[in-house]
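Engineer: Predicted model and sequence below, questions to follow.
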Protein chains: 4
Amino acid sequence: MITRRWGCSVRIALGNTLIDTERTIVYFNCMRQKDENKREAIFTATLQLLNEIGFADISMSKIARHANVSSSTIYVYFENKEDMFRKLYLNVKEKMSRGMGANLTLSMPVVDAHEQMIRNLVDFVVSNKDYFLFLEQFSSSPMIVRLGLGEEAKQMFHPIYELIERGKREKQLKPIDNSLLLSFIYYPVMSFARSHFYDGTKANDENLNMVIRMSWDAIKA
Amino acid sequence: MITRRWGCSVRIALGNTLIDTERTIVYFNCMRQKDENKREAIFTATLQLLNEIGFADISMSKIARHANVSSSTIYVYFENKEDMFRKLYLNVKEKMSRGMGANLTLSMPVVDAHEQMIRNLVDFVVSNKDYFLFLEQFSSSPMIVRLGLGEEAKQMFHPIYELIERGKREKQLKPIDNSLLLSFIYYPVMSFARSHFYDGTKANDENLNMVIRMSWDAIKA
Amino acid sequence: MITRRWGCSVRIALGNTLIDTERTIVYFNCMRQKDENKREAIFTATLQLLNEIGFADISMSKIARHANVSSSTIYVYFENKEDMFRKLYLNVKEKMSRGMGANLTLSMPVVDAHEQMIRNLVDFVVSNKDYFLFLEQFSSSPMIVRLGLGEEAKQMFHPIYELIERGKREKQLKPIDNSLLLSFIYYPVMSFARSHFYDGTKANDENLNMVIRMSWDAIKA
Amino acid sequence: MITRRWGCSVRIALGNTLIDTERTIVYFNCMRQKDENKREAIFTATLQLLNEIGFADISMSKIARHANVSSSTIYVYFENKEDMFRKLYLNVKEKMSRGMGANLTLSMPVVDAHEQMIRNLVDFVVSNKDYFLFLEQFSSSPMIVRLGLGEEAKQMFHPIYELIERGKREKQLKPIDNSLLLSFIYYPVMSFARSHFYDGTKANDENLNMVIRMSWDAIKA
DNA sequence: TATGAATGAGCGTTCATTCAT
DNA sequence: AATGAATGAACGCTCATTCAT
């Protein structure tokens, strides 16, 4: 952090002590630093607007207005619109991935780990509506491919894949393609979350237990 | 009969005689009807572009160029951009709905009807990639709500709901919310289709049979 | 021009005569046409602004305002800013080239043709200040190379080169590189024009005769 | 002595002791002077960019990037963009003026002084392409007038004017307007330099001697 | 002295839409 | 019915410049 080097005479206030120097070499760093709050504000504004008006109608100036910054300020933090979307996606994906893998250990029986994972997913999605809606929209847009994020997208499911692989090794799960198993773990939960937000089917305990059971019935060996 | 008035330059064939005029006032009544091919061309161009570049980058002029018509021609067939998207969605939704309900009769055992429906879905989606990608993109965008198509969207699943209701009446399916059952019928199939198009997991017989079985295991009573 | 073909019933007013047709084939052309005045207005505005504020400060919106059109209208007539500058340059260059070659015949003695050419140049430049200033500015900017107009630029001097070649063949001019001769025909005249516009040295008869004589003294064999 | 007050993080070397502080208030008096190298780097970068991309596309940030300084650093050395261009012009003009007047004495015969001057001009221009291109571009732009440099521009020709005046007094040169004589001394040489850089006509001895002779033929009494 | 952060104004261009024919 | 011309508004982005350190 301390990067610049000057020969100066300085007087430094260290608490109550004053130190005077004459022609001493001083290294110091006193540039204005990027404000992490601002980056976050831009992300938040983008998420909210995307979920309100969608990719078709969002714009850099609307985001800036929503985030209470000048639209040129966005370009201090991101190279361009695509770069911002990419970084936002990586950010959200990381959180989602971490969220779905919480409290999972290799020592758990697979059936319990499966239950915990679905609970994690529902927990995360229900308490992060914005992330959920954004991921749904972004994942189904051609942008994800154009930005070269196809591989990144798969990486998000790393915790699920780990579980699946173990389940297959332990003969608890059907010995079939990962993607087929994923189709009956992840996607039904996302559908469940949609129902929670838009239809009457709330994500209550009863329904959640049912989803967990149905998913297990589908994938178990 | 003769109702419109224009200043045009015209050449008229009266029997064998040709009359040329320059900037003459012409009153005429044109019998030409809207060209259904053109409406279709606009739809097709829109679908292709949406799946190529997405909602964020599509525009009326790009659609027009792609459909080989003038951009003002689009306004002969549609009121505005939103109207076009709405009509396109209704069009595709209708086809999808019809596709998934094909060859289904009330006399079939529920388990067979369920199998037929999933086969229908996969058939339709695999042979109509553009419709599938459009529906995924459109369904997860806030536009669907803003255009007042929330109810329309649910209507698409009418054939599935009918099957589900019968299944529950006949005690073949779990007596739970429709949306939960839908989560394990429709969404896994869409996920399966995604894998077919983008990952290695092809929609071959073996995989398809597996999806049918998994779905049934999940929903059966 | 008459391009579209319709089967209509029309009534045409030819002077006082009215012709009625029923289901007759009619070819007609009634699109709005590009307005040549507008293209000219854009050129004129660009020239004036370039000479007032220069390449560094000109902008499409300023040009549009000056030409009394919407800035998007410019894009009906030109592909982009560079295209506009290129077409403007070609337009002006053509006029300049025609101007300097006026009233020149192969039967004139070289010395007379040389005199006529310098008179042409001065005439053209003095009565087309905007063209002159634009050409000076454009010719010395790197844009001319970037737009691939390097060869075009040389073509402008075609009438001079023709004269020079003949002069060398007839042993009236020094048997040296064309560009050296050009340096003592074209450039001094441009310098003379600059003086006329900005310094006291007016382009009167006396001074003009002097320039003609000096140029001839420099180039004659 | 100690005059400025900043909140910085610093590391101070007091003999062998190192003191690190975090966000400490520091009063100091920096002795560093403006770095002449930096001013020069900015000038050089500006010249290069102007000749590469021109006035239309240059910008402070591009200059800064090219000169390897922060764009705010430019404002330490110059008031604003115009000020920078003005100072750059004065700088280059001064060098050009000095270059063309080198090795000229009042005791030389006018004809020799004329020859020397043209050799000076060609020497300077050929070995300072950037200066030459910049002067051509700047001189033909309206900026030179807006920045109030019209008089300065004429001053550049001081060595030529001195020679011309003497030549007229000694009856060696035509008794005509200075600007007319200038038109056959300075401008042909600039045209010659252009040919040297862009066309085939190299500034070799033969051609140079020819230019000197032609110029003299034009201006001699 | 030097610079990264910050910004309102403006850039070149495209937008969705209407007009005139 | 069909379309090229036309446009005000908005786009994504860069500008020249100032601020804070």
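Structural biologist: Everything's here; your move.
Engineer: Distance check, A:I58 against B:L104.
Structural biologist: 41 Å (Cβ to Cβ, to the nearest Å). Yep, even glycine has a C-beta here, placed from its N, CA and C like the rest.
Engineer: Run through chain A and note the low-pLDDT ranges.
Structural biologist: For chain A, applying pLDDT under 70 flags the ranges A:1-33.
Engineer: So what does the residue nearest to the spatial centre of chain A have for phi and psi?
Structural biologist: Nearest to the mean C-alpha position of chain A, counting by Cα atoms, centre = their mean, stands A:V92 at 1.8 Å. When read as degrees, to the nearest 10, the backbone of A:V92 gives phi -70, psi -40.
Engineer: Determine the number of other residues adjacent to the nearest residue to it once chain neighbours are set aside.
Structural biologist: Leaving out its chain neighbours, the residue that sits closest to A:V92 by Cβ to Cβ, 6 or more residues apart in numbering or on different chains is A:Y131, at 5.0 Å. Neighbour count for A:Y131, taken as other Cβ atoms under 10 Å in any protein chain shown: 19.
Engineer: again, but for A:S140
Structural biologist: For A:S140, the neighbour count with other Cβ under 10 Å is 21.
Engineer: if we can go back for a sec, between A:I58 and B:L104, point out the one with more neighbours.
Structural biologist: Neighbour totals were compared for A:I58 and B:L104, and A:I58 leads with 21 against 17 (other Cβ under 10 Å).
Engineer: my read is the more buried one is in a helix, agree?
Structural biologist: No - counting by DSSP: H, G, I helix; E, B strand; the rest coil, A:I58 is not found in a helix; it is coil.
Engineer: Now do the same contact list for it.
Structural biologist: Counting by Cβ atoms under 8 Å, 6 or more residues apart in numbering or on different chains, A:I58 touches A:46, A:49-50, B:56.
Engineer: one more time with 10 Å
Structural biologist: A:45-46, A:49-52, A:66, A:81, A:85, B:55-56 (Cβ atoms under 10 Å, 6 or more residues apart in numbering or on different chains).
Engineer: Same question for A:F138.
Structural biologist: A:F138 neighbours (Cβ under 10 Å, 6+ apart): A:50, A:55, A:85-86, A:88-89, A:92-93, A:144, A:147, A:149, A:153, B:140.
Engineer: Okay, it and chain C: tell me how far apart.
Structural biologist: Applying Cβ to the nearest Cβ, to the nearest Å, the value for A:F138 to chain C is 32 Å.
Engineer: pretty sure A:P188 contacts B:S183?
Structural biologist: Yes - at 4.1 Å, A:P188 counts as touching B:S183 under the criterion of Cβ atoms under 10 Å.
Engineer: Identify the contacts common to the two.
Structural biologist: Residues touching both A:P188 and B:S183 (Cβ under 10 Å, 6+ apart): A:211, A:214-215, B:218.
Engineer: for A:K93, what are its contacts?
Structural biologist: A:131, A:134-135, A:138-139, A:149, A:152-153, A:155-157.
Engineer: What residue spans form the domains of chain A?
Structural biologist: When chain A is parsed with automatic domain parsing, its domains come out as A:1-31, A:35-77, A:89-219.
Engineer: Among the ones you listed, which comes closest to DNA strand E?
Structural biologist: domain A:35-77 (2.9 Å; Cβ to the nearest atom of the strand).
Engineer: Wait, a strand at A:L104?
Structural biologist: No - counting by three-state DSSP, A:L104 falls outside a strand, being coil.
Engineer: what's the spacing between it and A:Y187?
Structural biologist: Taking Cβ to Cβ, one finds A:L104 at 19 Å from A:Y187.
Engineer: just A:K168 next, same as before
Structural biologist: To A:Y187, A:K168 is 19 Å away according to Cβ to Cβ.
Engineer: quick one, which of those two is more surrounded?
Structural biologist: Ranked by neighbour count (other Cβ under 10 Å), A:K168 and A:Y187 place A:Y187 first, with 21 against 18.
Engineer: wait, A:L90 sits on A:G148?
Structural biologist: No - if you go by Cβ under 10 Å, A:L90 and A:G148 don't touch, sitting 11.5 Å apart.
Engineer: Among those two, which residue is more densely surrounded?
Structural biologist: A:L90 (15 against 9).
Engineer: ok now do the nearest residue to the more buried one once chain neighbours are set aside, which residues does it touch?
Structural biologist: The spatial neighbour of A:L90 that comes closest, neighbours along the chain excluded (Cβ to Cβ, 6+ apart), is A:E152 at 6.6 Å. Applying Cβ under 10 Å, 6+ apart, we find A:E152 in contact with A:86, A:89-90, A:93-94, A:144.
Engineer: right, and A:N80 touches A:L147 too?
Structural biologist: No - the criterion here is Cβ under 10 Å, and A:N80 misses it with A:L147 at 11.3 Å.
Engineer: For chain A, which segments are assigned as helices?
Structural biologist: For chain A, the helices defined by DSSP state H occupy A:36-53, A:60-67, A:71-77, A:81-100, A:110-127, A:129-139, A:143-146, A:150-155, A:158-169, A:178-183, A:186-198, A:205-219.
Engineer: okay, those helices, which one's buried deepest?
Structural biologist: Ranked by mean neighbour count under mean count of other Cβ atoms under 10 Å in any protein chain shown, those are led by helix A:178-183, which reaches a mean of 23.
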